[in-house]
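1. Just need the structure, nothing else, for what follows:
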Amino acid sequence: MSFRMDKVNKLIKNELSLVLGQIRDKYLGFITITKVETARDLSIANVYFSSFENRNEDEVKKVLTHYNREIYNHMKARVTLKKMPHLNFKIDKAIIHANELEKLFNSIKSE
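-> A predicted model of the protein is given here:
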């Protein structure tokens, strides 16, 4: 990945975190944007998130999809890019897998 795309991904990640902090929805809870991968042509940005507070991540994804247009408009106003990519929210499975591995290791350790 190029230096420019790294900067774009970081910019979108930081601004998106600020925008999501302004949305008040009881189903959203506390989420973290873990990674952003933007296409080179800026057509789409895959936004990976994780949810804390034991929220159902599929429900969180539905809420994010529901607010997608509003989030996009806020981002377009805040971020200066030639073209604002459309946001595609995805659940970050890495944290889920890490938690499962930790439970497995703990169960082996206790035996």
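2. so where's the chain uncertain?
-> Along the chain, segments meeting pLDDT under 70 span 1, 53-55.
3. how about the helices in it?
-> With helices called from DSSP state H, the chain shows them at 3-22, 57-66, 68-78, 93-110.
4. Turn these into TSV, columns for distance to Leu28.
-> For glycine as for every other residue, the C-beta is placed from the backbone atoms N, C-alpha and C. Formatted as TSV, the helices of the chain follow (distance: least, CB to CB, whole Å):
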stretch	distance to Leu28
helix 3-22	8
helix 57-66	5
helix 68-78	11
helix 93-110	17
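5. Using TSV, please lay out those helices together with mean neighbour count and distance to Leu87.
-> Listed next are those as TSV, based on neighbours: other CB atoms under 10 Å; distance: least, CB to CB, whole Å:
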stretch	mean neighbour count	distance to Leu87
helix 3-22	15	8
helix 57-66	16	8
helix 68-78	15	6
helix 93-110	10	19
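6. looking at these, which is closest to Asp41?
-> helix 3-22 (10.8 Å; CB to CB).
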